[in-house]
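Student: just coords:
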């Protein structure tokens, strides 16, 4: 089993815990912090829901792919960075 697979499972578990037990208050350290998310409490809550759902989906998808297909480490890192950008852009797009 590759290290990135375990890393993705840990991210998956943390993501689920934050999604399940996240306080609905705007926070500086935890959550998907985008300019649109800071505008109101409703935007913040919606941004967190969108972000956690997307990260959950992509982490599960990538963990499954990485388990069955040997993916080079440079591609693993690139994929995680790319997905983070996609999630943040999607949150901004849906909140506007």
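Tutor: Good, I have the coordinates. Bear in mind the structure is a predicted one, so any value in this text is a computation, not a measurement.
Student: quick one: residues contacting the nearest residue to residue 87 once chain neighbours are set aside.
Tutor: Leaving aside its sequence neighbours, residue 87 sits nearest to residue 54 (Cβ to Cβ, 6 or more residues apart in numbering; 4.7 Å). Bear in mind the C-beta positions are built from the backbone N, C-alpha and C, glycine included. Contacts for residue 54 (Cβ atoms under 8 Å, 6 or more residues apart in numbering) come out as 86-87, 90.
Student: now residue 54: which helix or strand?
Tutor: Secondary structure from DSSP states H and E places residue 54 in helix 41-68.
Student: show me how far that helix is from its chain's centre.
Tutor: Helix 41-68 sits 4 Å away from the centroid of its parent chain (Cα atoms, centre = their mean, to the nearest Å).
Student: count the neighbours of the closest residue to residue 46 other than its chain neighbours for me.
Tutor: Leaving out its chain neighbours, the residue that sits closest to residue 46 by Cβ to Cβ, 6+ apart is residue 95, at 6.6 Å. Look at residue 95: counted by other Cβ atoms under 10 Å, it has 18 neighbours.
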